[in-house]
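Undergrad: Quick one, fold the following:
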Amino acid sequence: MDTKTFLDNFGYIADAQNGVQKIRELIFALAVQGKLVHQDSNNEIASSLLVRIEEDKKEVSKKGLYGRLKQLPTEEIIDPPFELPNSWSWSLLENISHTVHYGYTASAKPELTDVRLLRITDIQNNRVNWETVPGCEINEKNYKVNCLRANDILIARTGGTIGKTYLVDDLPVKAVFASYLIRVVPSMLMSSGYLKLFMESPLYWGQLYAKSAGTGQPNVNATSLRALQLPIPPLEEQKRIVAKVGQLMALCDQLETQQKQKAKTRVALNNAALDKLLTALNSKELNLHWQRIANNFHHLYDNLENITKLRAAILDLAVEGRLVAQDNNEIPASDLLEKVERERSEAIEDGVVKKTTLMPELSQEEELFNLPVGWCFERLGNLCRFIDYRGKTPNKVESGVRLITAKNIRMGHLQDEPREFVTENTYKEWMTRGFPENGDLLFTTEAPLGNVCMVNLDCRFALAQRAINLHPWADQYSQFLMYAIMSPLLQDTISAKATGMTATGIKAAKLKLIPIPVPPIEEQKRIVAKVDQLMALCDQLEANIRDKSDTAACYANAIVKQMAAA
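TA: Prediction:
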């Protein structure tokens, strides 16, 4: 595969995950392998160039501009990673540079402006805003040693930015560089632009990480940098490579801009469509807007973020009674609530649960929205029996009774891992308020707050802290209650009741006060069936996006490998 084929596939590769970054990396890799521009037999070969550079370094050294450096342990090229064009040569950074040395140690003083102190943090996206770079106190001798000049290359030597480079091309002020930077002063017979793009290539990063491995804090020293192996093209070819890379980087910038604009437009269209859906005044208008979304699924839902928003909209429509039609012939929710209260009272009389005070009646201000006909609001504490344990951290054992913690409770499903256990005695001691059953709901009271799922275990289990079991009374449909709690509307209400400085959580007493919309039981079942259907559609959309992303990534990786090995 040749370079033209690669360029023809730019757009497709860019659609893969981190696609544009892969393109950039491949461009730099091709550049330093001699595969990006043509070789010209009329150009001076690199070996002759290196001889001239060595002679120039000797002449400059006689002038005493740069200090003498210790000799490297070896100046041999060890196991070159690939073959070079005939006109190229391998060399060390040491051999094409006048010096490689650390920066100046001083305190940054923003009030000083005569001599600026360039730090790692001042370098952002290969640019420096010199107006914001602070000054420092420095005498003439130290300034002469550390003053920056055009074509210097600075390298971050420690921390999270290790290896980051900056080519000094525009220097409107007098400046030195700070001690966490290392300066490379290339020979004037080398293209500093080519050296900079080498320091963006996988070849550079691979060597850098190898030299900094094995330390607690990532760090690279000047000696290691001097020993970096780099491929040297003829000088004229260096200039052609720099020009070609500049063109291709501009194309990558354009691709990124197009992708961002495309994503921005897609999000705007999706938000507008969902807004129309959520603000529909009646079922006819709702169906119209839903049909428009359905007809444009492939445009609106080709990324995971938009599908997350679609799921949220479905849940809000469901909990507000706007997802399925109402049937005035169905038994209203008020009858269901009477049945709930009878069962609750019987449980108290039979000693199944302790007598508790009923939750206060809901005020009109607490109702979250205007209810459809046949619906009612009721507090969560009146709809469910609460089973929880709020004590010390349990002593866990290798096997025994399963322990369910907040880590297991995910939004809409119970996660199998981690699998933890407590003893039989701990189980009996903790679950004095009752034993959870399949069909109950589990709710996390903090970190992460508000996760809810249905119990579907074939074994007994104990609950750890930050987990509450909700056992719905009477015929209250657990799955509808789960979807209601999952909805953004109820999640926002729960978050508003949460307290805490370091860890935000909600106490059981406040959770019981949360108002829950209750539809007629038959409508609850229709709502759940519809939500299940639409969530399955969202699952399929997500799977399609992941498949498409994986395919694009495989295609991009295949092209990258073919080009690199060509």
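Undergrad: Tell me, how many residues neighbour the residue nearest to Q326 when sequence neighbours are not counted?
TA: Leaving aside its sequence neighbours, Q326 sits nearest to P372 (CB to CB, 6 or more residues apart in numbering; 5.2 Å). Just so you know, the C-beta spots here come from the backbone N, C-alpha and C atoms, and that holds for glycine as well. Number of residues near P372 (other CB atoms under 10 Å) recorded here: 16.
Undergrad: Who are the packing partners of the helix or strand hosting N425?
TA: Per DSSP states H and E: N425 is located in helix 424-430. Using 3 or more CB pairs under 8 Å, 6 or more residues apart in numbering; DSSP states H and E, the elements in contact with helix 424-430 are strand 401-404, strand 461-463.
Undergrad: List the backbone torsions phi and psi for the residue lying closest to P448 once chain neighbours are set aside.
TA: Distance criterion CB to CB, 6+ apart; nearest residue to P448, sequence neighbours excluded, is A406 at 7.2 Å. For A406, the backbone dihedrals (degrees, to the nearest 10) come out as phi -60, psi -30.
Undergrad: correct me, but A406 touches A467?
TA: Yes. In this structure, A406 is within contact of A467 by CB atoms under 8 Å, at 5.5 Å.
Undergrad: E343 and L511: what is the separation?
TA: For E343, the distance to L511 (CB to CB, to the nearest Å) stands at 20 Å.
Undergrad: between the two, who's got more neighbours?
TA: Per other CB under 10 Å, whichever of E343 and L511 has more neighbours is L511, with 24 against 15.
Undergrad: Would you enumerate the residues in contact with the residue nearest to that one when sequence neighbours are not counted?
TA: Once flanking residues are discounted, L511 sits nearest to L380: 6.3 Å by CB to CB, 6+ apart. Applying CB atoms under 8 Å, 6 or more residues apart in numbering, we find L380 in contact with L470, L511, K512, L513, I514, P515, I516.
Undergrad: Sitting in helices, which of these do you find?
TA: Secondary structure from DSSP state H places L511 of the contacts of L380 in helices.
Undergrad: Taking the contacts of L380, tell me the two that lie furthest apart.
TA: L470 and P515 (15.0 Å; CB to CB).
Undergrad: neighbour count winner among the two?
TA: With neighbours defined as other CB under 10 Å, L470 and P515 compare such that L470 has more, 26 against 17.
Undergrad: The residue lying closest to G160 once chain neighbours are set aside and L362, how far apart?
TA: With sequence-adjacent residues excluded and distances taken as CB to CB, 6+ apart, G160 is closest to P218, at 7.4 Å. Relative to L362, P218 is positioned 58 Å away (CB to CB).
Undergrad: Deepest-packed of the helices and strands packed on helix 424-430, please.
TA: Mean neighbours per residue, mean count of other CB atoms under 10 Å, is largest over those for strand 461-463, with a mean of 24.
Undergrad: Next, I77: phi, psi?
TA: According to degrees, to the nearest 10, I77 has phi -90, psi 110.
Undergrad: Show the contacting residues for it.
TA: Contacts of I77 by CB under 8 Å, 6+ apart are W90, S91, L92, Q229.
Undergrad: Am I right that V173 is in contact with W130?
TA: Yes. If you go by CB under 8 Å, V173 and W130 touch, sitting 5.1 Å apart.
Undergrad: sorry, back to before: any idea which of the helices and strands packed on helix 424-430 scores lowest on pLDDT?
TA: Among those, strand 461-463 carries the lowest mean pLDDT, at a mean of 86.
Undergrad: Neighbours of N395, how many?
TA: 8.
Undergrad: From what I see, it and W430 are in contact.
TA: No. Counting by CB under 8 Å, W430 is not a contact partner of N395; they are 11.5 Å apart.
Undergrad: what touches both of the two?
TA: Common neighbours of N395 and W430 (CB under 8 Å, 6+ apart) are V422.
Undergrad: show me where pLDDT drops low in the stretch 351-500 of the chain?
TA: Regions of the stretch 351-500 of the chain meeting the criterion pLDDT under 70 cover residues 357, 389-392, 431-433, 475.
Undergrad: What ranges does it have for its strands?
TA: Listed from the start of the chain, the stretch 351-500 of the chain has strands (DSSP state E, counting those that start in this stretch) covering 376-379, 384-388, 401-404, 409-410, 413-414, 420-422, 441-444, 452-454, 461-463, 467-472.
Undergrad: For these, give me CSV that also has distance to L49.
TA: Formatted as CSV, the strands of the stretch 351-500 of the chain follow (distance: least, CB to CB, whole Å):
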stretch, distance to L49
strand 376-379, 82
strand 384-388, 76
strand 401-404, 70
strand 409-410, 61
strand 413-414, 64
strand 420-422, 66
strand 441-444, 66
strand 452-454, 68
strand 461-463, 73
strand 467-472, 70
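Undergrad: Just confirm Q39 contacts S87, I think it does.
TA: Yes. If you go by CB under 8 Å, Q39 and S87 touch, sitting 5.6 Å apart.
Undergrad: Which neighbours do these two have in common?
TA: P234, E237.
Undergrad: Which one's more surrounded, the two?
TA: Per other CB under 10 Å, whichever of Q39 and S87 has more neighbours is S87, with 20 against 16.
Undergrad: Which of the three states applies to the more buried one?
TA: coil (DSSP: H, G, I helix; E, B strand; the rest coil).
Undergrad: what's near enough to touch it?
TA: Q39, S41, N43, I45, A46, P233, P234, E237 are the contacts of S87 under CB under 8 Å, 6+ apart.
Undergrad: hang on, the earlier thing: could I get the helices and strands packed on helix 424-430 as TSV with distance to L481?
TA: Listed next are the helices and strands packed on helix 424-430 as TSV, based on distance: least, CB to CB, whole Å:
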stretch	distance to L481
strand 401-404	18
strand 461-463	18
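Undergrad: Any idea which of those gets closest to K260?
TA: strand 401-404 (42.7 Å).
Undergrad: Paired strands for the closest one, with orientation please.
TA: Sheet partners assigned to strand 401-404 using DSSP bridges are listed as strand 420-422 (antiparallel), strand 461-463 (parallel).
Undergrad: P81 is in what secondary structure piece?
TA: Going by DSSP H and E, P81 is not in any helix or strand.
Undergrad: The closest residue in space to it that isn't next to it in sequence in helix, strand or coil?
TA: Counting by CB to CB, 6+ apart, P81 lies nearest to L203, which is 6.6 Å off, once chain neighbours are set aside. Using three-state DSSP, the structure places L203 in helix.
Undergrad: Renumber starting at 14 from here on
TA: Let's use 14 as the start, then, which means that last one is L216.
Undergrad: give me the number of residues near L216?
TA: 21.
Undergrad: same deal with the one 3 residues further on?
TA: Applying other CB under 10 Å, we find 11 residues neighbouring G219.
Undergrad: Next, it: phi, psi?
TA: phi -60, psi -40.
Undergrad: residue contacts, the closest residue to I133 other than its chain neighbours?
TA: In space, and not counting its chain neighbours, I133 is closest to A169: 4.9 Å by CB to CB, 6+ apart. Contacts for A169 (CB under 8 Å, 6+ apart) come out as I133, I136, I175, G176, K177, T178, Y193, L194.
Undergrad: Mind putting those residues into a markdown table with pLDDT, distance to N164 and secondary structure?
TA: As requested, the contacts of A169 are exported to a markdown table (pLDDT from 0 to 100; distance: CB to CB, whole Å; DSSP: H, G, I helix; E, B strand; the rest coil):
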| residue | pLDDT | distance to N164 | secondary structure |
| --- | --- | --- | --- |
| I133 | 93 | 20 | helix |
| I136 | 94 | 16 | strand |
| I175 | 91 | 23 | coil |
| G176 | 92 | 19 | coil |
| K177 | 94 | 18 | coil |
| T178 | 95 | 13 | strand |
| Y193 | 93 | 21 | coil |
| L194 | 95 | 16 | strand |
